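Novice: fold the following.
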Amino acid sequence: MGQQTSMKITSPIILMVASHGGHWVQMRRLAPAFEGLSVHYVSTNPEVAGEVAPAPLSTVKDANLNRKFALLRLAWDVFWVVARTRPQVVISTGAAPGFFAVLFGKVFGARTIWVDSLANAECMSVSGAKAKRFTDLWLTQWPHLAREDGPSYKGAVL
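Specialist: Numbering: from 1, shown residues only. I've put the predicted structure just below:
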């Protein structure tokens, strides 16, 4: 008889990334859609570990365009999270950590989704606008911001 090989089937790794505050709240509202899958979270606040346990949480320092050195450090930290986890899907609600996660996720071959913050009612966020070219699905939570060439509107999470 031939030798049987055992193949372990694992669910894809989904990396969910958001800055603290409203970005995190909105991302957590998306989490039930991924229940039962292998989710790894990234936040700028280590105190949220209890919210996502037993799922793993990586924390990174937050940064913005006004703090260039901190932004470079953030990019490096997010790169290493993506390199270590090798997600098949990256989802972010913003801001800077999510931009870098989408960018590096795309470099590593992941499918990427950007859900722009509900707070951006008049125009897309700076991070969201920059993330556009690295996303497979670019979403707004405001119907009047949807355009044929993106972002798309599929509803709101709050």
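
Novice: Ser92 looks like it's in a strand, true?
Specialist: Yes - using DSSP: H, G, I helix; E, B strand; the rest coil, the assignment for Ser92 is a strand.

Novice: grab the nearest non-local neighbour of it.
Specialist: Computed as C-beta to C-beta, 6 or more residues apart in numbering, the closest residue to Ser92 that is not its neighbour in sequence is Gly98, at 2.8 Å. Every residue, glycine included, has its C-beta placed from N, CA and C.

Novice: roughly how far does that neighbour sit from His23?
Specialist: Using C-beta to C-beta, to the nearest Å, one obtains 7 Å as the distance from Gly98 to His23.

Novice: more neighbours: those two, which one.
Specialist: Gly98 (33 against 28; other C-beta atoms under 10 Å).

Novice: what residues does the more buried one make contact with?
Specialist: The neighbours of Gly98, taking C-beta atoms under 8 Å, 6 or more residues apart in numbering as the test, are Val17, Ala18, Ser19, His23, Ser92, Trp114, Ser127, Ala131.

Novice: let's see 10 Å
Specialist: When the contact criterion is C-beta atoms under 10 Å, 6 or more residues apart in numbering, the partners of Gly98 are 15-19, 23, 27, 42, 78, 90-92, 105, 112-117, 125, 127-128, 131.

Novice: Ile91 now?
Specialist: Counted by C-beta under 10 Å, 6+ apart, Ile91 has contacts 14-18, 27, 30-31, 33-34, 39, 98, 101-102, 105, 110-115, 135, 137, 139.

Novice: now do Met124
Specialist: 114, 116-117, 130-132, 138, 140, 142, 145, 147, 150-151.
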